[in-house]
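> from the sequence below, what's the structure:
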Amino acid sequence: MTSIAGDLRERPADHPAPDSAITFVSIEKRFGRSGVSVQALDGLSLGVPKGAVYGLLGPNGAGKSTLLRILAGLLTQDRGEVRIFGEAAGTANRRRLGMLIETPSFYPFLSAREHLQMLGRFTNTLPLVEPILRRIGLEQAADKTVSGFSLGMKQRLGIGCALIGQPEAIILDEPTNGLDPDGILEMRALIGELAHRDGLTVLLSSHLLDEVQRVCDRVAILQHGRLVAEGAVADMLDRDGRFWISVDTPDVLLQRLGAQAEAGDGGIYVRTEREQVPDLIASLSAAGMRIHEAKWVKPDLETIFLSQTREAGR
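Residues are numbered from 1 along each chain as shown. Below you'll find the model as predicted:
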């Protein structure tokens, strides 16, 4: 198809990443009036790198939808700045974004092809209609009216509509909503291709943490309108891992390591840095312990998410 295009702490607001496609600088947003108001975003700063799949995570009420609505121009922040490819967000550079915010709405009497053709005429991209229909898996249903579409089919069409204008970045709110397992696999592949083959920046919000772990290069975790964790997914999983070891004398090992170790899963979990594992194994072997199995156990993203949000909620 024609192209339709590390650190786990918050970057200081006055030093956004120079290679960011989208940058939020000290964003604040409050709803309601004094006394009954809710602080939806509280000085939030983060940068979405160009060409990456970036996941926006957080429990309900964390501020994800508010942030995406501000990016789309549907809401105005009380304070702070949004930058799109280095420039202050406005009508002109928002055209560089393709957006699917919340549940997509369509004309029920029009077909998928007609929706894309309508938008293609507006953006002068009619030649992309057929390739996009194939890309989103709606080629066989292209001429059916949307009134007969399932939620998953509407979700695919929404992504197609977001792509028709040849954006440089695409914003997806719950892109796998309503999809069956095969559809989720196809969507995962599509998102990966958009970023890593076509060079688009993908910013997505999702509650499916397993899918986020599989598809995202980097994630931000929000809680109460603040950034509580941010970084490359691989680094997060590696950093929060644990060392597990099985030996023939576990009681001796527990006594030797004290509070540093605890029994679990038929072996011993040891709190240590990954770089120290080789020295630990060597010292245990030198002490005469027979080691049957040893491995570094990585957590999943759900474990990290729950740990970060619960700690921030205290």
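
> contact partners for Leu227?
Glu10, Leu44, Ser45, Leu46, Ala220, Ile221 (C-beta atoms under 8 Å, 6 or more residues apart in numbering). Any C-beta I mention is one placed from the backbone N, CA and C, and that applies to glycine too.

> what are the contacting residues of stretch 101-113?
Contact partners of stretch 101-113, identified using C-beta under 8 Å, 6+ apart, comprise 65, 68-69, 72, 74, 115, 118, 129, 133, 138, 141-147, 149, 153-155, 157-158, 160-161, 171, 173-174, 177.

> again, 7 Å this time
Defining contact as C-beta atoms under 7 Å, 6 or more residues apart in numbering, one finds that stretch 101-113 is touched by 68-69, 72, 115, 129, 133, 138, 141-147, 154-155, 157-158, 171, 173.

> same question for stretch 45-62.
Applying C-beta under 7 Å, 6+ apart, the set of residues contacting stretch 45-62 is 10-11, 13, 16-17, 19-26, 64, 191-192, 195, 199, 201-206, 212, 215-224, 227, 230, 305, 309.

> selecting buried members of those residues in ChimeraX, what would you type?
Filtering the contacts of stretch 45-62 down to the buried ones (16 or more other C-beta atoms under 10 Å) takes a single ChimeraX command:
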select :10,11,13,16,20,21,22,23,24,25,26,64,191,192,195,201,202,203,204,205,206,212,215,216,217,218,219,220,221,222,223,224,227,230,305,309
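
> so which of the contacts of stretch 45-62 are in strands?
Among these, DSSP state E puts 20-26, 201-205, 218-223, 227, 230 in strands.

> of the contacts of stretch 101-113, which belong to strands?
Judged by DSSP E, the contacts of stretch 101-113 include Ile171, Asp173 as members of strands.

> of the contacts of stretch 101-113, buried ones?
Buried among these (16+ other C-beta under 10 Å): 68-69, 72, 115, 129, 133, 138, 141-142, 146, 154-155, 157-158, 171, 173.

> how about the contacts of Leu227, which pair is most distant?
Largest separation among the contacts of Leu227 by C-beta to C-beta: Ser45 and Ile221, giving 14.1 Å.

> which residue ranges form the helices in the protein?
Secondary structure of the chain (DSSP state H): helices at 64-72, 91-94, 112-123, 129-135, 151-163, 181-196, 209-215, 233-239, 250-257, 277-286, 301-313.

> okay if I get the ones you listed as a markdown table plus mean pLDDT and distance to Arg79?
Shown next, in a markdown table, are the helices of the chain (pLDDT from 0 to 100; distance: least, C-beta to C-beta, whole Å):
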| stretch | mean pLDDT | distance to Arg79 |
| --- | --- | --- |
| helix 64-72 | 93 | 11 |
| helix 91-94 | 93 | 20 |
| helix 112-123 | 96 | 33 |
| helix 129-135 | 93 | 38 |
| helix 151-163 | 90 | 29 |
| helix 181-196 | 86 | 31 |
| helix 209-215 | 88 | 29 |
| helix 233-239 | 82 | 29 |
| helix 250-257 | 92 | 50 |
| helix 277-286 | 93 | 46 |
| helix 301-313 | 75 | 21 |
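
> dump the ones you listed into JSON lines; add distance to Ser105 as well.
Formatted as JSON lines, those follow (distance: least, C-beta to C-beta, whole Å):
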{"stretch": "helix 64-72", "distance to Ser105": "14"}
{"stretch": "helix 91-94", "distance to Ser105": "19"}
{"stretch": "helix 112-123", "distance to Ser105": "11"}
{"stretch": "helix 129-135", "distance to Ser105": "19"}
{"stretch": "helix 151-163", "distance to Ser105": "9"}
{"stretch": "helix 181-196", "distance to Ser105": "20"}
{"stretch": "helix 209-215", "distance to Ser105": "24"}
{"stretch": "helix 233-239", "distance to Ser105": "32"}
{"stretch": "helix 250-257", "distance to Ser105": "59"}
{"stretch": "helix 277-286", "distance to Ser105": "53"}
{"stretch": "helix 301-313", "distance to Ser105": "30"}
